[in-house]
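In: Below: sequence and its predicted model.
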Amino acid sequence: DAGITQSPRHKVTETGTPVTLRCHQTENHRYMYWYRQDPGHGLRLIHYSYGVKDTDKGEVSDGYSVSRSKTEDFLLTLESATSSQTSVYFCAIRRGLGTSGRGEQFFGPGTRLTVL
Amino acid sequence: GNSVTQMEGPVTLSEEAFLTINCTYTATGYPSLFWYVQYPGEGLQLLLKATKADDKGSNKGFEATYRKETTSFHLEKGSVQVSDSAVYFCALKLDEAGANNLFFGTGTRLTVIP
């Protein structure tokens, strides 16, 4: 257990509405990631963060923004949700080299988002 | 580019059968290789890993050997159990400065029947 929680765990929303997903960690890790999981694609990186206020785009960043105002929280925002963003979203942290599980990523339980 | 190809599923086996899930990769550098497992309704858990050529990762009876000459990291288990039913993901990570994000295969669903 890497102390990662995601909220909400399930959400149904309508096209065009804004949605924010939250990832919270308790271990003070520098790197955090947002992935989406879709059938036939595995997991794909949306955005990642390498520190407070430091973020960068991943493979499938269009339509998503992120913010990290404090170490423990990494927020993913869909400014105007579309049906193509229906997916399961996973947050992950990367443990530092000075900790057990060095350099490995550990995943949260996921958020299932449905956009109608 | 960097990518992972793993065998299409679903795979259905009887309990105590031998399991192989094939995984091959393409990488621009020298990757570390991973197998993750996702049990129903849960997030991904690291199953095993190997960080250099000829390393063997093992855990819970599962094994995979990093084969640089064939760019492969096939997952094997000698005798599967019903509790092994899950989706298995092969992944690579480049050990270089930067995001160090994982590149995943599409996943292989395994169902083990009693």
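Out: Yes, it's here. Residues are numbered from 1 along each chain as shown, chains lettered A, B, ... in the order given.

In: Quick check: residues of chain A near chain B?
Out: Residues of chain A found near chain B (C-beta under 8 Å from any C-beta of the partner chain) are A:31, A:33, A:40-45, A:48, A:50, A:56, A:58, A:90, A:94, A:101, A:103-110. Every residue, glycine included, has its C-beta placed from N, CA and C.

In: Mark which of those are part of strands, please.
Out: Under the assignment DSSP state E, the residues of chain A next to chain B contribute A:31, A:33, A:42-45, A:48, A:50, A:56, A:90, A:94, A:105-107 to strands.

In: Need the max-distance pair from the residues you listed.
Out: Greatest spacing in those, by C-beta to C-beta: A:42 and A:50 (22.9 Å).

In: Please identify which of the two sits among more neighbours.
Out: More neighbours surround residue A:42 than the other of residue A:42 and residue A:50, with 22 against 16 (other C-beta atoms under 10 Å in any protein chain shown).

In: Okay, now the unreliable bits of chain A?
Out: In the predicted model, chain A carries pLDDT under 70 at residues A:1-2, A:97-102.

In: Quick one, grab the pLDDT at residue B:62.
Out: pLDDT, the model's per-residue confidence, is 98 for residue B:62.

In: Mind listing the residues bridging to it?
Out: For residue B:62, the beta-bridge partners are residue B:59, residue B:77 (DSSP bridges).

In: which stretch of helix or strand covers residue A:15?
Out: Assigned by DSSP states H and E, residue A:15 belongs to no helix or strand.

In: Roughly how far does it sit from chain B?
Out: Per C-beta to the nearest C-beta, to the nearest Å, residue A:15 is found 26 Å from chain B.

In: How many residues are close by that residue?
Out: Using other C-beta under 10 Å, residue A:15 has 12 other residues around it.

In: That one reaches residue A:114, doesn't it?
Out: No. Checked against C-beta atoms under 8 Å, the pair residue A:15 and residue A:114 is beyond contact range at 11.0 Å.

In: Report the contact partners of the residue nearest the centre of chain A.
Out: Nearest to the mean C-alpha position of chain A, counting by C-alpha atoms, centre = their mean, stands residue A:34 at 2.7 Å. Each residue near residue A:34 by C-beta atoms under 8 Å, 6 or more residues apart in numbering or on different chains is listed here: A:21, A:23, A:45-48, A:58, A:64, A:66, A:74, A:76, A:89-91.

In: Take the residues you listed and lay them out in TSV including neighbour count.
Out: Below are those laid out as TSV (neighbours: other C-beta atoms under 10 Å in any protein chain shown):
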residue	neighbour count
A:21	21
A:23	26
A:45	21
A:46	23
A:47	24
A:48	25
A:58	19
A:64	19
A:66	22
A:74	28
A:76	22
A:89	24
A:90	24
A:91	26
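
In: Which of those residues sits closest to residue B:105?
Out: Using C-beta to C-beta, residue A:45 comes nearest to residue B:105 of the contacts of residue A:34, at 14.1 Å.

In: where in chain B is pLDDT low?
Out: Along chain B, segments meeting pLDDT under 70 span B:95-100.

In: In it, what residue comes closest to chain A?
Out: Nearest residue of chain B to chain A (C-beta to the nearest C-beta) works out as residue B:104 at 3.6 Å.
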